[in-house]
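Peer 1: following is a predicted model, sequence given first.
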Amino acid sequence: MLPLTILTLVCILTYSFEIVFGLAGTILMLPLLSFLYDTKTLVIYSVLPQVLVATIGLARSPRTVRLDFLAKMLGFAALGMIAGFSFFYYLSAGVFQILLAGAITLSGLYLIVAPARFKLHAAGARLLDTLGGATQALFGISGPIAMTRLLATFPDKTVVRNYAFAFFLPLNLARGIEYLVHDTYTPEIGQMMLVSAPFLVVALWGANHLHFKVNERHFRRVVAWIILLGGISLFYR
């Protein structure tokens, strides 16, 4: 029972951070729990808190997401996912990972050094949408790319976070359905989900209000640093 208690407490902390800032819950959770569970088990389990974060965050926020805008983001991300799988045949995954790490690291640096001057034209936005889908297919990571794109598009932190959640939610639902179809869930993962879910719902429901208390400048600063550190960590993934 002790491992499940530790799992629940760690996930309450890491995913409360995500519901406030819009990303990094799983990135923080994996290294903290790797001494208790193998990475594959944790990645599969992460479907539950990811879906809860996005659902609760969107349900308890002002309605800021335009479906036509989101549909375009997801459409280009879907193309990126298809291209991402194709890259395995034409480009070494290791080479792509280095290029990706470099792009994310530079984005993070630019967001930190010159946050007010980072703007995107339509072509650049679509490129990042597509790249986000490709990185999701190749590495299971799309947060840093999506948040970079959204920070450069919208001036309001709540709008940025809500679009991020609306972008991540269908991707994680699709991932969860794929696991179900391929019978990937084990009794251990089912127990992890059943035990932790009620506590996560209560904690995330309460933690969501902290997002609205975060200063706009501090929000962007924290997210920029997360993107930078996420890019650097990819060099060692």
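Peer 2: That came in fine, so what should we check first?

Peer 1: please make it C-alpha for all contacts and neighbour counts, starting now.
Peer 2: Noted.

Peer 1: pLDDT at A166, what is it?
Peer 2: Per-residue pLDDT puts A166 at 89.

Peer 1: I figured I44 hits Y185, correct?
Peer 2: Yes. I44 lies in contact with Y185 (CA atoms under 8 Å); the separation is 7.5 Å.

Peer 1: so what sits against both of these two?
Peer 2: Residues touching both I44 and Y185 (CA atoms under 8 Å, 6 or more residues apart in numbering): Y179.

Peer 1: lowest-scoring secondary structure element of this structure by mean pLDDT?
Peer 2: helix 93-113 (a mean of 68; mean pLDDT, DSSP states H and E).

Peer 1: and T184, what are its phi and psi?
Peer 2: Backbone geometry at T184, expressed as degrees, to the nearest 10, gives phi -90, psi -30.

Peer 1: typo on my end, it should be D183
Peer 2: phi 50, psi 50.

Peer 1: could you shift the numbering so residue one becomes 24, and keep it that way?
Peer 2: Right, with 24 as the first residue, what we last looked at is D206.

Peer 1: tally of neighbours for it?
Peer 2: By other CA atoms under 10 Å, the residues close to D206 number 9.

Peer 1: what about the protein, any weak spots by pLDDT?
Peer 2: The chain contains residues with pLDDT under 70 at 107-120, 122-123, 126-127, 130, 134, 137-143, 159-164, 253, 256-257, 259-260.

Peer 1: quick check, central residue of it?
Peer 2: The chain has G166 as the residue nearest its centroid, 3.7 Å off, counting by CA atoms, centre = their mean.
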